[in-house]
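Novice: The following block contains a protein sequence and its predicted model.
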Amino acid sequence: MGQCRICRADFAPFIDFGKMPLANGFLTAEQFAAEYFYDLRVGFCEHCGMVQLIEQPDPTQMFHQNYAFFSKTSTKMATHFQEFAEDVKSHHLISTDPFVVEIGSNDGIMLQHFAKIGIKHLGVEPSANVAQMAINQGVRTICNFFDENLACQIVEENGQADAILAANVMCHIPSMHSVVKGIKKLLKNDGILIFEDPYLNDVIEKTSYDQIYDEHVFLFSVSSLTYLFNIYDMEIIDVNPQETHGGSMRYTVANRGVCNISKRVYDHLKKEAKLRRSETYENFREHCERSKRELIKALLQIREDGKRIVGYGATSKSTTVINYCGITPELVESISDTTPIKQGKYTPGAHIPVRPYEEFLANYPDYALLFAWNHAEEIAAKEEKFREAGGKWVVYIPTVRVMA
Ligand code: SAH
Ligand code: TMP
Ligand code: ZN
């Protein structure tokens with residue numbers, strides 16, 4: 001049993017993925033013996049609708065000076081955040097000297113677009129290595145975890161914000177009440193909060209269970225967030241579906257009564273009726289179990305045929321797939337990844353070697369297992385030669401299949 005982090009009601013897990021290592025815990029052989037594991041179990045709170053982990057490792061174990069995720073590794077995400085920044089600049093910064101805060105600003109992928117034209121800005125980023133990259137590029141950044149206390153400190157030193165932005169970070173923070181209280185204090189009365197995270201409905205519809213890992217303590221929906229913001233006299237005034245991270249939702253939030261509420265919000269609340277029923281999560285568990293059986297069967301068949309399989313993209317998401325399905329280095333000999341900090345290390349739990357992308361190019365495998373499926377379009381365009389050379393892709397979202 002767990003206690004809901006939003007409404008304090010008790011809730012039971014609907015799926016147990018078993019013992020899991022940290023999704024971004026890429027490690028060296030010397031570190032194998034001391035590797036950390038926790039129980040990855042997920043539940044649905046019938047009272048407020050929030051889907052959440054029962055247990056989450058301590059945030060300082062996940063976000064630190066060796067954090068392995070650098071936002072700028074994807075050109076698609078770079079364009080996405082440029083467009084996000086443009087949208088904020090043209091629609092939401094109406095005061096003469098606006099101030100923008102971003103929570104979880106990572107390597108500065110979004111705030112750089114405010115910094116370069118001299119807009120007052122501040123990033124809050126606890127992982128020191130990625131925060132330093134942003135600082136080196138002229139993005140003002142505090143290296144700390146956002147919460148109510150830090151929000152008070154920011155207001156004292158900088159004044160209140162016109163806009164608070166956050167991408168793929170709100171769903172990482174277990175102490176959501178402290179975060180929303182902090183946002184409420186930091187935001188001007190007519191200020192705006194815009195954030196986006198993987199969307200629960202996409203995870204359910206695509207059986208993209210790999211969005212579930214230690215960092216993602218919540219899987220948000222419009223309904224569950226409405227419950228949360230209501231407590232603080234705030235309301236979701238708009239929602240905009242995004243294609244990023246396999247299906248995300250962007251939420252625009254304001255203090256109650258300040259802005260009109262878009263029809264899209266009501267439409268989504270209606271569409272989410274099934275997300276408020278427990279049977280949806282029972283079905284989801286069955287789909288996950290089927291996906292696991294079919295993926296292992298496909299990989300075993302390829303190996304029995306004497307063919308080589310290399311993983312493509314040592315993503316955080318892949319940690320759940322690899323460890324839940326029991327994928328070993330005998331099935332997938334290595335994983336190709338462009339991130340220097342991951343190369344030469346081993347994947348969490350299963351200890352599959354992570355190799356530089358250049359090795360993939362120099363020695364194509366017969367099959368590439370697409371762990372970075374959310375970047376499929378960018379990768380398909382880049383790997384035209386692999387396909388021409390007879391290479392095949394194994395994909396598992398939304399269903400397991402092999403593509404020539
Ligand atoms: N916004 C970026 C990074 C997402 S990864 C993008 O969308 O690509 C999540 C980031 O949030 C990490 O860099 C992590 O260090 C940071 N983070 C985790 N907990 C946080 C907290 N409490 N406050 C601010 N940032 C946090
Ligand atoms: P993400 O799915 O969390 O965005 O992580 C993507 C990971 O995949 C990151 O480690 C970089 C890697 N990657 C590649 O190796 N090649 C690519 O072409 C892309 C887009 C990502
Ligand atoms: Zn609840």
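Specialist: On my side now, so go ahead. Ligands and ions are numbered 1, 2, ... in the order given.
Novice: Show me what residue of the stretch 101-250 of the chain gets nearest to ligand 1.
Specialist: Using Cβ to the nearest ligand atom, the closest approach of the stretch 101-250 of the chain to ligand 1 is made by residue 104 at 2.9 Å. In this view, the C-beta of every residue, glycine as well, is placed from N, C-alpha and C.
Novice: Give me the number of neighbouring residues for that residue.
Specialist: Applying other Cβ atoms under 10 Å, we find 24 residues neighbouring residue 104.
Novice: for it, what are its contacts?
Specialist: 124-125, 146, 166-170, 172 (Cβ atoms under 8 Å, 6 or more residues apart in numbering).
Novice: what about 6 Å?
Specialist: When contacts are counted by Cβ atoms under 6 Å, 6 or more residues apart in numbering, residue 104 touches 166, 169.
Novice: And residue 341, by the same measure?
Specialist: residue 68.
Novice: go on, residue 107?
Specialist: Per Cβ under 6 Å, 6+ apart, neighbours of residue 107: 70-72, 130, 133-134.
Novice: ok, 10 Å please
Specialist: Contact partners of residue 107, counting by Cβ atoms under 10 Å, 6 or more residues apart in numbering, are 69-73, 123, 125, 127, 129-137, 139, 141.
Novice: residue in the stretch 251-400 of the chain nearest to ligand 2?
Specialist: residue 313 (3.2 Å).
Novice: That residue: how many residues sit nearby?
Specialist: If we define neighbours as other Cβ under 10 Å, then residue 313 has 25 of them.
Novice: got it, and residue 174?
Specialist: 15.
Novice: Can you give me the distance of the residue of the stretch 151-300 of the chain found nearest ligand 2 to residue 208?
Specialist: For the stretch 151-300 of the chain and ligand 2, the shortest gap (Cβ to the nearest ligand atom) falls at residue 245, measuring 7.0 Å. Per Cβ to Cβ, to the nearest Å, residue 245 is found 9 Å from residue 208.
Novice: Kindly point out which residues are neighbours of both of these two.
Specialist: 198, 202, 317, 374.
Novice: and the first one, what are its bridge partners?
Specialist: The one in question is residue 198. residue 248 (DSSP bridges).
Novice: can I assume it is in contact with residue 245?
Specialist: Yes - look at residue 198 against residue 245 with Cβ atoms under 10 Å: they come within range, at 5.0 Å.
Novice: Please identify which of those two sits among more neighbours.
Specialist: Applying other Cβ under 10 Å to residue 198 and residue 245 shows that residue 198 carries more neighbours, namely 24 against 21.
Novice: Enumerate every residue touching the more buried one.
Specialist: Neighbouring residues of residue 198 by Cβ under 10 Å, 6+ apart: 168, 171, 208, 211-212, 216, 218-220, 242, 244-249, 317, 374.
Novice: what about 6 Å?
Specialist: Per Cβ under 6 Å, 6+ apart, neighbours of residue 198: 211, 245, 248.
Novice: how much space between residue 216 and residue 280?
Specialist: Taken as Cβ to Cβ, the span from residue 216 to residue 280 is 18 Å.
Novice: With neighbour numbers in mind, choose between those two.
Specialist: Applying other Cβ under 10 Å to residue 216 and residue 280 shows that residue 216 carries more neighbours, namely 26 against 17.
Novice: Please tell me I have it right and residue 65 contacts residue 129.
Specialist: Yes - using Cβ atoms under 6 Å, residue 65 makes contact with residue 129 at a distance of 5.3 Å.
Novice: If you count surrounding residues, which of these two has more?
Specialist: Applying other Cβ under 10 Å to residue 65 and residue 129 shows that residue 129 carries more neighbours, namely 16 against 12.
Novice: Next, count neighbours for the nearest residue to residue 339 once chain neighbours are set aside.
Specialist: The shortest distance from residue 339 to any non-neighbouring residue, by Cβ to Cβ, 6 or more residues apart in numbering, is to residue 73 (5.6 Å). For residue 73, the count of nearby residues is 18 (other Cβ under 10 Å).
Novice: does whichever helix or strand residue 322 is part of come close to ligand 2?
Specialist: According to DSSP states H and E, residue 322 maps onto helix 316-325. Yes - for helix 316-325 and ligand 2, the contact criterion (Cβ under 6 Å from any ligand atom) is met by residue 316.
Novice: what does stretch 190-205 give?
Specialist: No - Stretch 190-205 is not in contact with ligand 2 by Cβ under 6 Å from any ligand atom; minimum separation 10.4 Å.
Novice: What of stretch 100-109?
Specialist: No - counting by Cβ under 6 Å from any ligand atom, ligand 2 is not contacted by stretch 100-109; separation bottoms out at 11.2 Å.
Novice: What values do phi and psi take at residue 124?
Specialist: Backbone torsions of residue 124, given as degrees, to the nearest 10, read phi -120, psi 110.
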